[in-house]
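Undergrad: What shape does this take:
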Amino acid sequence: MALASVSSAHLAFGLHALLDNADFSIEAGERVALIGRNGCGKSTLARILAGEDDLDDGLVVRDSGMRVARVAQEPEFESGNTVFEAVAAGLAVEVAQIERYEQLSAALASAHDTRPLLEQLHELQVELEASGAWSVRSRIERVIDRLGLEPRALLSTLSGGTRKRVALARALVSEPDLLLLDEPTNHLDLSSITWLEDLLLGYAGAIIVITHDRRFLDRIATRVVELDRGRLLSYPGNYASYQRFKNEQLATERTVAEKFDKVLAQEEVWIRQGVEARRTRNQGRVLRLEALRRERAARRERSGQVRLDISAGERSGKLVAELIGVSKSFGANTVVRDFSTTIVRGDKIGVIGNNGVGKTTLLRLILGELAPDTGTVRLGSGLQIAYFDQMRRALDDDATLADTISPGSEWIEIGERRTHVISYLGDFLFPPERARAPVSSLSGGERNRLLLARLFARPANVLVLDEPTNDLDIDTLELLEALLQEYAGTLFLVTHDRDFLDNVVTQTIVAEGDGRWVEYAGGYDDWMLQSGRTARSREETAPLREPAPARRQLERAAPEPGSTRLSWRQQRELEGLPARIAALEQEQRLLHQRLADPALYRGEESGEDVRNAKTRAENIEVELLECLTRWEDLESRSS
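TA: From the prediction side, this is the model:
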């Protein structure tokens with residue numbers, strides 16, 4: 001039996017219905033990912049399932065006695081509360097029962113007629129034992145400890161990521177049968193996102209999660225439900241499975257729509273025939289045409305896509321920044337320790353680290369906005385820097401959308417193209433009637449779109465993007481990825497979206513504790529592979545003592561201090577490694593496809609073919625590791 005369901009649901013705000021005769025249900029133990037465009041009604045549906053909002057029409061059914069907890073996109077708390085008090089609010093009913101029990105117990109001591117009070121105490125004690133309320137304090141402490149929170153800390157002193165943990169603790173402490181999570185990965189760092197994935201994978205209740213983090217969805221979802229043009233469409237499996245099903249469905253939908261439009265066009269031609277044809281026409285056919293017209297008018301097209309474009313402005317010099325032995329401390333806290341790097345035009349750099357580790361400080365040092373305590377920073381020439389701020393401080397809530405993009409003018413220039421501000425806002429899915437609306441009327445996703453529009457309206461050859469993926473829907477994320485891949489300038493990207501890092505950056509700078517920052521080639525997965533291999537290598541070789549002859553041989557072979565320049569042969573080897581790695585990966589993909597093909601296992605010689613394919617797959621894995629190790633070594637020596 002379903003824990004909760006909506007049937008024949010209708011809900012409308014403005015011109016289009018958010019829910020249009022929609023049906024949805026969730027079973028115990030399911031982990032459902034709810035996805036869709038920004039503003040399509042996902043958060044509204046979550047509030048309806050939690051009993052916080054109502055439908056215009058339709059039926060909502062919840063299992064009797066079911067506990068529901070919802071973690072909002074931007075959680076709100078009582079000002080001045082501690083973490084313990086905020087988490088205890090998730091057990092408000094149980095806490096109120098205990099307070100009522102204590103009040104009755106106190107009144108019992110001075111009462112003349114104790115019988116009514118004793119009856120109330122007995123009934124209340126039965127309720128407390130049934131709900132397990134006597135263990136409230138231990139439950140709160142257990143959840144706080146599990147989530148790594150400090151119970152006495154004031155909420156006003158916490159970061160956004162820690163406040164998100166507090167909101168999650170408040171929801172979990174009530175042990176809900178249905179947990180609703182709205183953008184739970186916003187403001188969380190990579191280690192916290194991995195921790196949350198593990199927590200949800202082990203959670204016994206049902207979960208509905210609204211998020212645009214594709215890696216997160218791939219790992220935790222057992223079903224994907226898409227809210228599209230007022231309809232709720234269900235797809236089994238994780239996000240990768242959804243993509244396959246959705247592409248097939250859209251192709252079918254386009255074919256049906258094209259056939260429908262062709263029939264409608266033919267009927268429109270027929271109805272416009274001459275006087276004689278109109279006198280003898282079939283009335284049934286006329287009625288059919290009217291029905292076709294009504295059906296076409298009612299058909300809602302898919303929302304348009306954001307059109308992104310950015311001008312790299314004047315080319316900067318080849319050198320963007322060079323740091324040599326840079327260190328920076330704040331009191332006893334060393335944020336950057338003896339860091340050196342060279343950044344050239346066209347580099348796309350991801351900065352990875354937990355919240356509070358100093359990512360912003362490092363970027364300010366690189367861009368010359370903050371002076372180092374020790375070391376030198378040399379900046380290149382002709383730098384035009386543009387910032388995307390995750391806190392959206394550049395947006396004025398009282399300004400209109402048009403004034404935010406182009407204050408004092410109705411036109412903007414992007415590269416060599418001159419565009420009216422209304423048309424430019426339309427590229428970011430803001431209709432003309434909203435151009436004069438205040439920024440305060442926008443949702444979180446719409447604010448991010450507006451900030452991107454403002455950022456891209458100005459030429460820049462250095463982009464600094466701080467959490468640009470928060471609140472953006474998946475379609476816009478993929479378009480932003482494509483734009484940044486083609487961007488000719490230099491990019492600094494701070495994000496906890498692992499797929500976004502893998503698809504955009506060419507190298508990463510990673511915080512490894514105690515102020516140490518280390519550079520790695522590639523994106524998130526490359527960093528995980530290289531750092532994991534390095535850690536394993538240290539563990540394996542640390543206990544071993546190298547024989548003296550071998551050590552002397554290595555010492556003789558080692559380059560003299562300062563002679564880290566690659567030889568001509570090594571330089572050619574480094575240039576050829578990316579193509580070699582790509583060829584191996586392509587061969588690996590083809591082998592995996594072959595091994596997954598049932599036809600390989602049929603026939604008399606199938607056993608030998610399977611063994612050969614598996615052996616080659618294992619050899620490729622070894623060769624890939626060797627190539628990546630060699631690439632990392634040569635890259636570090638050349639830089």
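Undergrad: list the helices and strands the helix or strand containing Gly445 packs on?
TA: Element membership for Gly445, per DSSP states H and E: helix 444-456. On a contact count with 3 or more CB pairs under 8 Å, 6 or more residues apart in numbering; DSSP states H and E, helix 444-456 meets strand 385-388, helix 401-405, helix 421-427. To be clear about C-beta, it is placed using only N, CA and C from the backbone, and glycine gets the same treatment.
Undergrad: Most tightly packed of the ones you listed?
TA: helix 401-405 (a mean of 21; mean count of other CB atoms under 10 Å).
Undergrad: Relative to Ala204, how far out is the nearest residue to Gly205 once chain neighbours are set aside?
TA: Leaving aside its chain neighbours, Gly205 sits nearest to Asp177 (5.1 Å; criterion: CB to CB, 6 or more residues apart in numbering). The gap separating Asp177 from Ala204 is 9 Å, by CB to CB, to the nearest Å.
Undergrad: higher neighbour count, these two?
TA: Neighbours were counted for Asp177 and for Ala204 using other CB atoms under 10 Å; Asp177 has more, 18 against 8.
Undergrad: Can you name the residues that contact that one?
TA: Taking CB atoms under 8 Å, 6 or more residues apart in numbering as the contact definition, Asp177 lies against Leu3, Ala28, Asp63, Met66, Arg67, Val68, Gly205, Ala206.
Undergrad: Over to Gln588?
TA: Residues in contact with Gln588 (CB under 8 Å, 6+ apart) are Ala617, Ile620, Glu621, Leu624.
Undergrad: in a helix, that's where it is, yeah?
TA: Yes - judged by DSSP: H, G, I helix; E, B strand; the rest coil, Gln588 forms part of a helix.
Undergrad: As a markdown table, the helices and strands packed on helix 444-456 with distance to Phe216 would be great.
TA: Listed next are the helices and strands packed on helix 444-456 as a markdown table, based on distance: least, CB to CB, whole Å:
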| stretch | distance to Phe216 |
| --- | --- |
| strand 385-388 | 22 |
| helix 401-405 | 31 |
| helix 421-427 | 29 |
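Undergrad: Would you convert those into JSON lines that also reports distance to Arg139 and mean pLDDT?
TA: Shown next, in JSON lines, are those (distance: least, CB to CB, whole Å; pLDDT from 0 to 100):
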{"stretch": "strand 385-388", "distance to Arg139": "41", "mean pLDDT": "81"}
{"stretch": "helix 401-405", "distance to Arg139": "47", "mean pLDDT": "86"}
{"stretch": "helix 421-427", "distance to Arg139": "50", "mean pLDDT": "83"}
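Undergrad: out of these, which comes closest to Ala50?
TA: When the helices and strands packed on helix 444-456 are compared by CB to CB, helix 401-405 sits nearest Ala50, at 31.4 Å.
Undergrad: pLDDT value on Ile366, please?
TA: At Ile366, the model reports a pLDDT of 93.
Undergrad: got it, and the one 4 residues further on?
TA: For Leu370, the model assigns a pLDDT of 91.
Undergrad: Same check on Leu200?
TA: Note on Leu200: pLDDT of 90.
Undergrad: what sits against the residue sitting nearest the centre point of the chain?
TA: Central residue of the chain (CA atoms, centre = their mean): Asp213, 2.9 Å from the mean position. Listed by CB under 8 Å, 6+ apart, the contact partners of Asp213 are Thr185, Ile193, Asp497, Arg498, Asp499.
Undergrad: distance of the second one from Leu493?
TA: For Ile193, the distance to Leu493 equals 16 Å [CB to CB].
Undergrad: got it, and Gly230?
TA: In terms of CB to CB, Gly230 sits 35 Å off from Leu493.
Undergrad: and these two? which has more neighbours close in?
TA: Regarding Gly230 and Leu493, a neighbour count based on other CB under 10 Å identifies Leu493 as having more, with 25 against 19.
Undergrad: Looks like the more buried one contacts Thr506 (just checking).
TA: No - using CB atoms under 8 Å, Leu493 is not in contact with Thr506, being 10.5 Å away.
Undergrad: I'd like the average pLDDT over the helix holding Gly445.
TA: Taken as a whole, helix 444-456 carries a mean pLDDT of 77.
Undergrad: Okay, buried residues for that helix please.
TA: By neighbour count with 16 or more other CB atoms under 10 Å, helix 444-456 contains the buried residues 444-456.
Undergrad: Can you tell me the strand partners of the helix or strand that it is followed by and which way each runs?
TA: Using DSSP H and E, the helix or strand that follows helix 444-456 in sequence is strand 462-466. Within its sheet, strand 462-466 is paired with strand 385-388 (parallel), strand 490-494 (parallel), according to DSSP bridges.
Undergrad: Can you add distance to Leu591 and give these back as CSV?
TA: Formatted as CSV, the strands paired with strand 462-466 follow (distance: least, CB to CB, whole Å):
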stretch, distance to Leu591
strand 385-388, 41
strand 490-494, 33
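Undergrad: Just tell me which of those strands ends up closest to Asp145.
TA: The closest of the strands paired with strand 462-466 to Asp145 is strand 490-494. By CB to CB, the value is 30.1 Å.
Undergrad: any idea how far the closest one is from the chain center?
TA: Distance of strand 490-494 from the chain centroid (CA atoms, centre = their mean, to the nearest Å) equals 17 Å.
Undergrad: Now do the helix or strand that that strand is followed by, average pLDDT.
TA: Tracing the chain C-terminally past strand 490-494 and defining elements by DSSP H and E, one meets helix 498-504 next. The pLDDT scores in helix 498-504 average 90.
Undergrad: What are the contacting residues of helix 498-504?
TA: 190, 213-215, 348, 350, 352, 469, 477, 481, 484-485, 491, 493, 495, 508, 523-526.
Undergrad: Among the residues you listed, name the ones in helices.
TA: Using DSSP state H, the members of the contacts of helix 498-504 that fall within helices are Leu190, Arg214, Arg215, Leu477, Glu481, Leu484, Gln485, Tyr524, Asp525, Asp526.
Undergrad: Excluding chain neighbours, what is closest to the second one?
TA: Nearest residue to Arg214, sequence neighbours excluded (CB to CB, 6+ apart): Asp499, at 4.8 Å.
Undergrad: and the one you found, how many neighbours does it have?
TA: Asp499 has 23 neighbours, counted by other CB under 10 Å.
Undergrad: what's the answer for Gly513, then?
TA: Gly513 has 10 neighbouring residues, counting by other CB under 10 Å.
Undergrad: For it, give me phi and psi.
TA: Phi and psi for Gly513, reported as degrees, to the nearest 10, are phi 90, psi 150.
Undergrad: Check the gap between it and Ser340 for me.
TA: Distance of Gly513 to Ser340, given as CB to CB: 18 Å.
Undergrad: Distance from the helix holding Gly445 to the middle of the chain?
TA: Helix 444-456 sits 16 Å away from the centroid of its parent chain (CA atoms, centre = their mean).
Undergrad: Now do it against strand 462-466, angle only.
TA: 170 degrees (axes from the mean of the first three to the mean of the last three CA atoms, to 10 degrees).
Undergrad: In the stretch 201-350 of the chain, where is pLDDT below threshold?
TA: Within the stretch 201-350 of the chain, the ranges that satisfy pLDDT under 70 run 264, 266-314.
Undergrad: sorry, back to before: out of the contacts of Gln588, which two are the most distant from each other?
TA: Across the contacts of Gln588, no pair lies farther apart than Ala617 and Leu624, at 10.7 Å, counting by CB to CB.
Undergrad: Would you indicate which residues of the helix or strand hosting Val256 are buried?
TA: Element membership for Val256 (DSSP H and E) is helix 239-271. Using 16+ other CB under 10 Å as the test for burial, helix 239-271 gives Tyr239, Tyr242, Gln243, Phe245, Lys246, Glu267.
Undergrad: just stretch 138-154 next, same as before
TA: By neighbour count on 16+ other CB under 10 Å, the buried set for stretch 138-154 is Arg139, Ile140, Val143, Ile144, Leu147, Leu149.
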